[in-house]
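Visitor: the following comprises the amino acid sequence and a computationally predicted model.
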Amino acid sequence: MKTTENEKQKEETVEGEKTKEAPRTRRPKENVVFVGSKPPMSYVLAIITNLSASDSKEITLKARGRAISTAVDAAEITRRRFMKDLKVSQIALGTEEMPPREGESRGRMTSTVEITLARE
């Protein structure tokens, strides 16, 4: 079976692509848990898993709006029931401006919190 020059070029480029390294994407920090609408125990499990799997000694919970109470609950449940050596090392409060919804003229202000838990 005879291959044409065009097919040879395709084969060469395919082989060349295999040897190229894929572009690296920026990965989020491993020691950050973004809190949303799940139950607090889901985030407790994520905190415990993250702290036991990695050799890091601290983890940060990030939440905004209604999820702030869930983040506080998850931090307190983890600290009081499961990991007695865990302490709150830092709490950062802030505000973000959200874009306006459809039909609204101004943006909304949303509260944010970052809770950093550290092992002693």
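Guide: Everything's here; your move.

Visitor: is residue 38 part of a helix or strand, or is it coil?
Guide: Classification of residue 38 using DSSP: H, G, I helix; E, B strand; the rest coil returns coil.

Visitor: nearest residue to it in space, ignoring adjacent ones along the chain?
Guide: Distance criterion CB to CB, 6 or more residues apart in numbering; nearest residue to residue 38, sequence neighbours excluded, is residue 70 at 7.7 Å. C-beta coordinates here come from the backbone N, C-alpha and C atoms, glycine included.

Visitor: go on, residue 115?
Guide: Counting by CB to CB, 6+ apart, the nearest residue to residue 115 once its immediate chain neighbours are dropped is residue 61, at 4.5 Å.

Visitor: partner strands of the helix or strand where that neighbour lies, with direction?
Guide: Element membership for residue 61, per DSSP states H and E: strand 58-64. Strand partners for strand 58-64, identified by DSSP bridges, are recorded as strand 32-34 (parallel), strand 108-119 (antiparallel).

Visitor: low pLDDT regions in the chain?
Guide: Residues of the chain that meet the criterion pLDDT under 70 lie in 1-29.

Visitor: the same query, at a cut-off of 80, please.
Guide: 1-30, 54 (pLDDT under 80).
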